[in-house]
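Student: Quick one: sequence and predicted model below, then my questions.
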Amino acid sequence: MPSTLPKGSDLDRGWPYARIYYLSSTHSEKQQTVGSGEIKSSSVEEEPLWVAELTVFFEECSDINLFRPARELKKNGISFACAYSTRPDSDIVEELYYEYDHQDPEDAFNILFDDMPLPGWWPWPKERTS
């Protein structure tokens, strides 16, 4: 069943349907040296280093089933991103570390790395090209 945001919500911005994906780092690779000196890699289950919620909004409910994240997500299509911590017993935001909104890029901030360009899919700041 698709999620429908309440009309007038600041988040929906005219796109009333949403699909939510939950992402996390589920394991890490550890290398071990065995008796023969051979290096062996294994997946080890650990507490995730991070968890994320990716929400994709749609104009039409019928588009939800057609969307494939790996095929359709593009770095230049990110309209909003944030990173924050919550209280362990609730969804209340405790600290906001990063925020970017393509409608107000001059208000973007990153309290951990200031204006250092970030690798990967972070939309701001980007490496300056000469």
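Tutor: Alright, I've got the coordinates.

Student: Please name the nearest non-neighbouring residue to Pro105.
Tutor: Nearest residue to Pro105, sequence neighbours excluded (CB to CB, 6 or more residues apart in numbering): Trp124, at 6.4 Å. No exception for glycine: its C-beta is placed from N, CA and C like everyone else's.

Student: ok, how many other residues are close to the one you found?
Tutor: Trp124: 18 surrounding residues under other CB atoms under 10 Å.

Student: One more: Phe57?
Tutor: Using other CB under 10 Å, Phe57 has 19 other residues around it.

Student: next one: the one 3 residues further on
Tutor: As a burial measure, Glu60 scores 10 neighbours (other CB under 10 Å).

Student: circling back to that earlier point, from Val56, how far out is the residue nearest to Pro105?
Tutor: Using CB to CB, to the nearest Å, Trp124 is found at 19 Å from Val56.

Student: So the residue nearest to Pro105 is in contact with Ala108, correct?
Tutor: Yes. In terms of CB atoms under 8 Å, Trp124 counts as a neighbour of Ala108; the distance is 4.5 Å.

Student: what's the overlap in contacts for these two?
Tutor: The contact sets of Trp124 and Ala108 overlap at Tyr100 (CB atoms under 8 Å, 6 or more residues apart in numbering).

Student: Can you name the next helix or strand after the least confident helix or strand in the chain by mean pLDDT?
Tutor: Lowest mean confidence among the helices and strands of the chain (mean pLDDT, DSSP states H and E): strand 3-4, at a mean of 40. Scanning forward in sequence from strand 3-4 by DSSP states H and E, the next helix or strand is strand 17-24.

Student: ok now that following strand, how far from the chain's centre?
Tutor: How far strand 17-24 lies from its chain's middle: 10 Å, per CA atoms, centre = their mean, to the nearest Å.

Student: buried residues in it?
Tutor: Judged by neighbour count (16 or more other CB atoms under 10 Å), strand 17-24 contains these buried residues: 17-19.

Student: try stretch 118-130
Tutor: Those would be 118, 122-125, for stretch 118-130 by 16+ other CB under 10 Å.
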